[in-house]
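Peer 1: Okay, predicted coordinates and the sequence, questions at the end:
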Amino acid sequence: MFDLLRRGILDGLRIDHIDGLCDPREYLERLRASNTTPFYLVVEKILAQYESLRAEWPCDGTTGYEFAAQVMQMLVDPAAEARVTESFQDFTGEDAIFSDVVHAAKSRIMQNEMASELLSLARAAARIARQNPASADFTENLLRRTLKQIVAYFPVYRTYVDRRESTELDKRYIHWAVAQATKSNPELDESAFQFWERLLDGELANHSGYDRRTVIRLAIKVQQFSGPVMAKGYALFRFNRLAALNEVGQSPEQFGSSVAAFHRENVHRIENWPRTMLATSTHDTKHGEDSRARLAALSLVPDEWANMVAGWRRILRARRGDLAGTAPPSRNDEYLFFQNLIATWPIELTGSHALSLAIPDSYKERLLNATVKSMREARINTNWVSPNTAYENAVREFVLDVLNRERSEVFFESFLPFQERIASMGVHNSLVQTVLKFTSPGIPDLYQGCELWDLSLMDPDNRRTVDYEIRRTLLKHVTSGPRHGKREWIRAMRQNWQDGTIKMALTNVLLRFRAANRELFDAGAYVLLNASGEWREKVCAFTRKHEGRALTIIVSTDARLSAEAFRETKLECSCEPCVTEWSDLFSGREVRVEQGVFHLHEIFQDLPVAALVLGIEALQPL
């Protein structure tokens, strides 16, 4: 690996599953020290909503899960939370809150798949306890039960107690988990919880009678245990309220966020981790970036979605003679299936004209595989260790029955018009997501094949062979575009969005722009812009500025709103003195500023996104 770095074959390293290491910080320090050539270094660290990457780690940042969460949360409408929750609960009959679902899932993991690891930790703790009379009475069984509860309540993947002094942040996380576990289990000896707290935060190592090395070693082993428990038990396939939020690094209980929150994250990133990676799809995402963009659009039509999904259930169950809804799949599995169908429905089958078209066998197989895998990951009706083949086969039969054109004609008459509408709004969200990724503070990552639409499901679906030939063909079309009349050309691509050329065009122009203006992104300031008017909270805008040059990004975060809806919404100009003429990188048209403001109904005439340049010659051709 170091030889490849020295020879310039590798430019950087991505450290997978950093939390599985005994001491991540020491590993990164040794990695840096072992190679004299500077290199880019990012870590796959899954951060909780309230957690930040450790500042003392010698790396450039994370692999970007948090950015994917950040932009997706902004595209989900918080105002729809109550209605979407009601729809989920009415459909499934489940009303548990996400934190309780996670606690139950983590407890089940420790009871089954990771029971031997838990037992091993309890035995080690019992040996330590016997070193001091104050804890000698703690039995192995008591220590196992109390540790299980602490880990089940742990708010982050792990802490980082090591040979050095433990941090206040680690102590806070540990204390919170212990407090929750103690409160929820009054039948267990409180002093056993306190013993674990002192052991996990390293304090026990300083008490007489305890062997310091043994205590620290066990604390580290528990940290390596809590991470996979969280990963396996995070309930991403148990809590299916809105699958757009069920991603690694997401917080499914948080339903949408504001533009202001998006700006806060960007400011934090540029101040602390300016070279961190920005991702929207990875090999681990449960839905491809454009699948999630469609799912986010469901929050924009919550009443219609609730009526549709309830109607589909009645149609399909009645046809099968199962009005009571007792046959597989479970209601929770069925609710996720309908979301997956909306998210991944093939573009060539989108629209009412597709009623007579055959559904490819390859698509059926993809959907079947993802359905079975999600059920096993949920570990409710089946699992990986002992699959419930009867249940799985019944669900397979259900999926194939739904995808049978002749038998499901009434279903598709209802499904296709709604799906077409969601797909169109999904395109809006996808373009917003694309533009923000390539212009926000950080280093954008383009996952394989995502120059075009990525309507994939979880692996192995998101690791299929990429058709590079069609991408080369479309790229030639994009890069040979007209020097003049770009506005009509870009409009045509937006209207005929099915082949994904519009996404590739925006990706191409922004990557070329970044390459030609590195200083603007490496050293430029980030200035958020304020909108005024009725829809001001549906506009995300900022300017990247550096030495007289500027790029202003303006996007509409609500796919329901047309350009005309923004007639009374204005956006402040960020430059002093305010320059009146800007150029849009995408359409090539001139954009004027009047009385210090942009008029958004004009900005959004062609696209829901704009990239306005000042002091930089616009790229020609696109």
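Peer 2: In hand now; what should we look at?
Peer 1: Give me the helices and strands touching the biggest helix by length in the chain, please.
Peer 2: Ranked by residue count and defined by DSSP state H, the top helix of the chain is helix 409-439. Packing partners of helix 409-439 (3 or more CB pairs under 8 Å, 6 or more residues apart in numbering; DSSP states H and E): helix 65-75, helix 289-297, helix 302-319, helix 331-344, helix 501-516, strand 539-546, strand 549-556, strand 609-614. C-beta here means a position set from N, CA and C on the backbone, and glycine is covered the same way.
Peer 1: Need these in CSV (columns: mean pLDDT, distance to V102 and mean neighbour count).
Peer 2: Conversion of the helices and strands packed on helix 409-439 to CSV gives the following (pLDDT from 0 to 100; distance: least, CB to CB, whole Å; neighbours: other CB atoms under 10 Å):
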stretch, mean pLDDT, distance to V102, mean neighbour count
helix 65-75, 97, 16, 25
helix 289-297, 98, 21, 29
helix 302-319, 95, 24, 16
helix 331-344, 97, 15, 22
helix 501-516, 95, 34, 20
strand 539-546, 95, 30, 22
strand 549-556, 95, 33, 24
strand 609-614, 93, 35, 22
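Peer 1: In JSON lines: the ones you listed, plus distance to H263.
Peer 2: Formatted as JSON lines, the helices and strands packed on helix 409-439 follow (distance: least, CB to CB, whole Å):
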{"stretch": "helix 65-75", "distance to H263": "10"}
{"stretch": "helix 289-297", "distance to H263": "19"}
{"stretch": "helix 302-319", "distance to H263": "26"}
{"stretch": "helix 331-344", "distance to H263": "28"}
{"stretch": "helix 501-516", "distance to H263": "20"}
{"stretch": "strand 539-546", "distance to H263": "7"}
{"stretch": "strand 549-556", "distance to H263": "12"}
{"stretch": "strand 609-614", "distance to H263": "17"}
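Peer 1: Which is the succeeding secondary structure element to the longest helix of the chain?
Peer 2: Per DSSP states H and E, the first helix or strand lying C-terminal to helix 409-439 is strand 443-444.
Peer 1: for that following strand, what is the average pLDDT?
Peer 2: Average pLDDT, strand 443-444: 97.
Peer 1: Centre of the chain to it, how far?
Peer 2: In terms of CA atoms, centre = their mean, to the nearest Å, the centre of strand 443-444 is found 16 Å from the chain centre.
Peer 1: Now do the helix or strand that it is followed by and helix 501-516, the angle between them.
Peer 2: Moving toward the C-terminus from strand 443-444, the next helix or strand (DSSP H and E) is helix 468-479. If you take axes from the mean of the first three to the mean of the last three CA atoms, to 10 degrees, helix 468-479 sits at 70 degrees to helix 501-516.
Peer 1: Quick check: which of the helices and strands packed on helix 409-439 is nearest to S374?
Peer 2: Of all these, it is helix 331-344 that lies closest to S374, at 6.2 Å by CB to CB.
Peer 1: With just CA atoms, put the closest one into PDB.
Peer 2: Only the C-alpha atoms of helix 331-344 are listed here, as PDB (Å, rounded to 0.1, in the frame of the first residue of the first chain):
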ATOM      1  CA  ARG A 331     -47.700  -5.200   7.200                       C
ATOM      2  CA  ASN A 332     -44.300  -3.600   8.000                       C
ATOM      3  CA  ASP A 333     -42.600  -5.600   5.200                       C
ATOM      4  CA  GLU A 334     -45.400  -4.800   2.800                       C
ATOM      5  CA  TYR A 335     -45.100  -1.000   3.600                       C
ATOM      6  CA  LEU A 336     -41.400  -1.100   2.800                       C
ATOM      7  CA  PHE A 337     -42.100  -3.100  -0.400                       C
ATOM      8  CA  PHE A 338     -44.400  -0.400  -1.700                       C
ATOM      9  CA  GLN A 339     -41.800   2.200  -1.000                       C
ATOM     10  CA  ASN A 340     -39.100   0.200  -2.800                       C
ATOM     11  CA  LEU A 341     -41.400  -0.200  -5.800                       C
ATOM     12  CA  ILE A 342     -41.900   3.600  -5.900                       C
ATOM     13  CA  ALA A 343     -38.200   4.200  -5.500                       C
ATOM     14  CA  THR A 344     -36.900   1.900  -8.100                       C
END
